[in-house]
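> Curious how this folds, go ahead:
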Amino acid sequence: MRASLRLSRLSHLRHLSTTTSSPSNPISRATTKLRTEYDPDKALEIYSSASKHDSSPSSSRYAQELTVRRLAQSRRFSDIESLIESHKNDPRITQEPFLSNLIRSYGLSGMLDHAIKTFHQMDELGTPRSAISFNSLLTACNDSRQFDKVPQLFDEIPKKYPVSPDGVSYGILVKSYCEAGLAEQAIDSLLEMQEKGIEVNTVMFTTILNALYKKGKSEEANKLWNQMLKNGCELDVAVYNVRLMNMQAGKPEGVKELINEMRNVGLKPDIISYNYLMTCYFKNYMIEEAKKVYEDLKGNGCNPNAATFRTLIFYLCGNEEYGKAYKVFKKSVRRRKIPDFNTLKHLVEGLAKKNKMEEAKEVIRTVKNKFPTNFLNAWKKVEEKLGLVSTDATNAVAEEGTG
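Numbering: from 1, shown residues only. Here you go, the predicted model:
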């Protein structure tokens with residue numbers, strides 16, 4: 001019964017998408033709403049009502065992907081299929097970028113078989129096939145976390161269709177190897193690119209460098225860094241941040257030295273750079289120095305992000321400075337950069353431990369309004385464990401989460 005109601009709603013929304021109206025930037029406004037809308041039905045309604053005004057595949061891509069993500073988080077895969085398949089009746093299906101959006105959306109949903117099927121349907125749908133759709137298919141594999149499919153399709157598709165991999169294709173291939181823990185194969189791909197005269201860019205080197213560091217292969221990573229310098233790669237903040245990530249477990253002097261090196265080569269350290277410096281100080285029990293990094297962010301032209309607040313709260317709680325951690329949390333709320341559930345759970349438990357029950361309840365009240373409804377049960381368990389909610393209130397929250 002519920003499934004039929006969903007499909008009825010979907011059919012109604014498709015009907016709405018055939019009407020016309022002309023609000024300013026409807027897709028842009030819809031995308032903004034979708035970033036903070038976790039209810040899948042509301043997300044679907046926002047997207048469907050806005051997409052009827054859209055004529056550009058590029059402008060609707062992010063709104064479509066956000067909607068599909070919301071549906072996937074609720075495991076509404078049949079609704080995802082109905083939504084995406086309905087787009088194949090759109091006259092724009094003959095535009096390759098439009099169809100490529102559908103392939104990517106299936107990938108984000110973990111429905112890779114549907115993405116592959118859609119790619120093979122392109123001749124039937126009258127859609128030209130090029131590296132654009134090919135790259136969307138490879139991206140769908142990575143988004144589905146089926147990394148082994150990328151090299152397989154990379155080899156198979158060009159043999160079956162007149163499609164040739166380009167630099168973007170190789171970038172996706174490199175990422176798949178690195179995600180699968182196969183950095184050596186990724187390096188082989190770079191050599192293949194050089195043989196074919198395809199430019200190897202800094203992003204590819206950075207991806208491999210990151211993978212090597214994460215596997216603890218610092219020596220190989222440093223060799224790759226030296227190779228980048230030898231090849232005259234244009235260094236950017238992202239590649240330096242990968243090195244900083246590796247150094248944050250060491251002494252702060254090394255991190256500070258690398259940040260100064262960034263400035264000397266004309267690069268401006270960003271919030272990620274300073275987050276690594278702050279973390280390094282915390283790991284070395286230099287609490288005041290870590291706090292000063294945070295206090296100096298504005299002067300360094302940076303705004304704190306969710307990772308900044310997460311790091312501060314985590315280590316302040318570890319130092320049992322729960323009152324200060326609570327103040328940091330309040331700042332994160334004002335900036336709309338609230339940390340993750342586990343960090344805030346640590347904070348709530350600490351506040352309760354120090355008998356700061358009102359502050360603990362305030363954290364829970366705030367995050368319930370900010371986080372998806374599927375987090376309600378997790379917070380309910382925290383409340384019950386710490387005795388922060390009455391039985392009646394607990395039942396009300398449970399009913400709200402299932403209503």
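> roughly how far is stretch 115-133 from the heart of the chain?
Going by CA atoms, centre = their mean, to the nearest Å, the spacing between the C-alpha centre of stretch 115-133 and its chain's C-alpha centre is 26 Å.
> That one: which residues count as buried?
Using 16 or more other CB atoms under 10 Å as the test for burial, stretch 115-133 gives 115, 116, 118, 119, 122, 127, 129, 131, 133. All C-beta atoms are positioned from the backbone trio N, CA, C, and that covers glycine.
> In contact with the fifth one, which residues are there?
Residue 122 is in contact with 99, 128, 129, 133, counting by CB atoms under 8 Å, 6 or more residues apart in numbering.
> Can you give me the separation between the residue nearest the centre of the chain and residue 60?
By CA atoms, centre = their mean, the mean C-alpha position of the chain lies nearest to residue 143, the distance being 10.2 Å. Separation of residue 143 from residue 60 (CB to CB, to the nearest Å): 18 Å.
> which residue packs closest to residue 361, ignoring adjacent ones?
Spatial nearest neighbour of residue 361, excluding adjacent residues (CB to CB, 6 or more residues apart in numbering): residue 388 at 5.5 Å.
> Could you pull up the contacting residues of the nearest residue to residue 265 once chain neighbours are set aside?
Distances taken as CB to CB, 6+ apart put residue 235 closest to residue 265, at 6.5 Å, once the chain neighbours are dropped. Neighbouring residues of residue 235 by CB under 8 Å, 6+ apart: 202, 228, 265, 267.
> Could you check the pLDDT of residue 235?
We note a pLDDT of 91 for residue 235 in this prediction.
> Next, count neighbours for residue 276.
Neighbour count of residue 276, defined by other CB atoms under 10 Å: 26.
> ok, now residue 306?
Close neighbours of residue 306, defined as other CB under 10 Å, add up to 15.
> Disregarding flanking residues, what is the spatial nearest neighbour of the residue nearest to the centre of the chain?
In space, and not counting its chain neighbours, residue 143 is closest to residue 107: 3.9 Å by CB to CB, 6+ apart.
> Enumerate the positions of the helix or strand harbouring the one you found that are buried.
Take DSSP states H and E as the rule and residue 107 turns out to sit in helix 96-108. By neighbour count on 16+ other CB under 10 Å, the buried set for helix 96-108 is 96, 98, 99, 100, 101, 102, 103, 104, 105, 106, 107, 108.
> what helices or strands is the helix or strand that it is followed by leaning on?
Sequence-wise, the next helix or strand downstream of helix 96-108 (DSSP H and E) is helix 112-120. Where contact means 3 or more CB pairs under 8 Å, 6 or more residues apart in numbering; DSSP states H and E, helix 112-120 is packed against helix 77-86, helix 96-108, helix 131-143, helix 149-160.
> what's the distance between residue 368 and residue 39?
14 Å.
> one step back: most neighbours out of the contacts of residue 235, which is it?
In terms of neighbours by other CB under 10 Å, the contacts of residue 235 top out with residue 228 at 19 neighbours.
> My guess is that residue contacts residue 205. True?
Yes - checked against CB atoms under 8 Å, the pair residue 228 and residue 205 is within contact range at 5.1 Å.
> Could you name every residue contacting both of those two?
residue 239.
> Which residue, other than its chain neighbours, is closest to residue 254?
Among residues not flanking residue 254 along the chain, residue 247 sits closest, at 5.0 Å (CB to CB, 6+ apart).
> Also residue 319?
Excluding the flanking residues, the one nearest residue 319 by CB to CB, 6+ apart is residue 287, at 6.1 Å.
> for residue 217, same thing?
Residue 217 sits nearest to residue 183 (CB to CB, 6+ apart), 7.3 Å away.
> by how many degrees do the lengthiest helix in the chain and helix 77-86 diverge?
Longest helix of the chain, by residue count under DSSP state H: helix 57-73. Counting by axes from the mean of the first three to the mean of the last three CA atoms, to 10 degrees, helix 57-73 points 160 degrees away from the direction of helix 77-86.
> for the record, mean pLDDT for helix 57-73?
Throughout helix 57-73, pLDDT has a mean value of 83.
> Also stretch 182-196?
Mean predicted lDDT for stretch 182-196 stands at 94.
> Could I get the CA-only coordinates of it as PDB?
Written as PDB, here are the backbone C-alpha positions of stretch 182-196 (Å, rounded to 0.1, in the frame of the first residue of the first chain):
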ATOM      1  CA  LEU A 182      46.400  -0.500  -5.600                       C
ATOM      2  CA  ALA A 183      48.600   2.600  -5.900                       C
ATOM      3  CA  GLU A 184      51.200   0.700  -7.900                       C
ATOM      4  CA  GLN A 185      48.700   0.100 -10.700                       C
ATOM      5  CA  ALA A 186      47.800   3.800 -10.600                       C
ATOM      6  CA  ILE A 187      51.400   4.700 -11.200                       C
ATOM      7  CA  ASP A 188      51.500   2.300 -14.100                       C
ATOM      8  CA  SER A 189      48.500   4.200 -15.500                       C
ATOM      9  CA  LEU A 190      50.500   7.400 -15.400                       C
ATOM     10  CA  LEU A 191      53.200   5.800 -17.500                       C
ATOM     11  CA  GLU A 192      50.600   4.600 -20.000                       C
ATOM     12  CA  MET A 193      49.300   8.200 -20.200                       C
ATOM     13  CA  GLN A 194      52.700   9.600 -20.900                       C
ATOM     14  CA  GLU A 195      53.300   7.000 -23.700                       C
ATOM     15  CA  LYS A 196      50.000   8.000 -25.300                       C
END
